[in-house]
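Engineer: Let's see this in three dimensions:
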Amino acid sequence: MTDRSVSWTDADRLASLLARVTVSRRSVAAAFARDASTTWAPAQARPLPVRAPPAPAKERRNEVPRLEHATDNPADRLDALVAWTLEHHRCAGAFVADDNGLTLAAHGISEAHVSLVGPLLSALVAVRTIPGVDATSGALWLGAQMMSWVETRTERGGFCLGTVGEEALSTQAFAQLKEALVTTVRGL
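Structural biologist: This is a model prediction of the structure:
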């Protein structure tokens, strides 16, 4: 064992390393300045490769139909919302929860993700108290998956629609989910 701690720094050794780096930086800068004063031309002009235009996104992603409910049954409406979300948005799972963290409907997400919904929504209550922060939608990494959510408030409390997938949803998708959630919880 040595008599030095792990955080001990040799000032002389550090100064010599910094001096070497500074000298190297100055020589590189001088070389660039010298090379910049000469004209450079390629030996052979090669045409740039032509790229094909990007493939258009799937039509159904751009034109997501509005969610319409055929029933007033709350369980059916929540199930329809989850099914619509899974069909029209890039996600592996979806859930609906209330502001108490009670999961009202879920499909394609693990029990661990379902159990996380309550504490997450409780934490967002505190985030909303920060001026200028809108916590009614967002995304965060949960291990190897991204959880995205939108919230809405009604006279009966708050509701959250969340998705779990490989990436965060787009701004357009967030707006579509918010509209679908508002439509679903209206009158519950």
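
Engineer: mind checking how far E87 is from G108?
Structural biologist: Using CB to CB, to the nearest Å, E87 is found at 12 Å from G108. For glycine as for every other residue, the C-beta is placed from the backbone atoms N, C-alpha and C.

Engineer: Between the two, which is the more surrounded one?
Structural biologist: For E87 and G108, the more surrounded residue by other CB atoms under 10 Å is G108, and the numbers stand at 16 against 11.

Engineer: So the more buried one sits against V164, correct?
Structural biologist: Yes - using CB atoms under 8 Å, G108 makes contact with V164 at a distance of 7.3 Å.

Engineer: Tell me the residues that contact both of the two, please.
Structural biologist: C91, A92, G93, A94 (CB atoms under 8 Å, 6 or more residues apart in numbering).

Engineer: Throw those residues into TSV and include secondary structure, thanks.
Structural biologist: Shown next, in TSV, are the shared contacts of G108 and V164 (DSSP: H, G, I helix; E, B strand; the rest coil):
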residue	secondary structure
C91	coil
A92	coil
G93	strand
A94	strand
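
Engineer: which of those residues count as buried?
Structural biologist: C91, G93, A94 (16 or more other CB atoms under 10 Å).

Engineer: give the contact list for the nearest residue to the last one once chain neighbours are set aside.
Structural biologist: Excluding its sequence neighbours, the residue lying closest to A94 (CB to CB, 6 or more residues apart in numbering) is T85, at 4.2 Å. By CB under 8 Å, 6+ apart, T85 lies in contact with C91, A94, L161, T163, L177, A180.

Engineer: For T85, I want the exact helix or strand it lies within.
Structural biologist: Assessed by DSSP states H and E, T85 sits inside helix 74-88.

Engineer: Show me what counts as buried in that helix.
Structural biologist: R77, L78, D79, A80, L81, V82, W84, T85, L86, H88.

Engineer: so how far is A123 from the second one?
Structural biologist: Distance of L78 to A123, computed by CB to CB: 23 Å.

Engineer: With the fifth one instead?
Structural biologist: With distances defined as CB to CB, the gap from L81 to A123 amounts to 23 Å.

Engineer: And the last one, by the same measure?
Structural biologist: Taking CB to CB as the criterion, H88 is separated from A123 by 28 Å.
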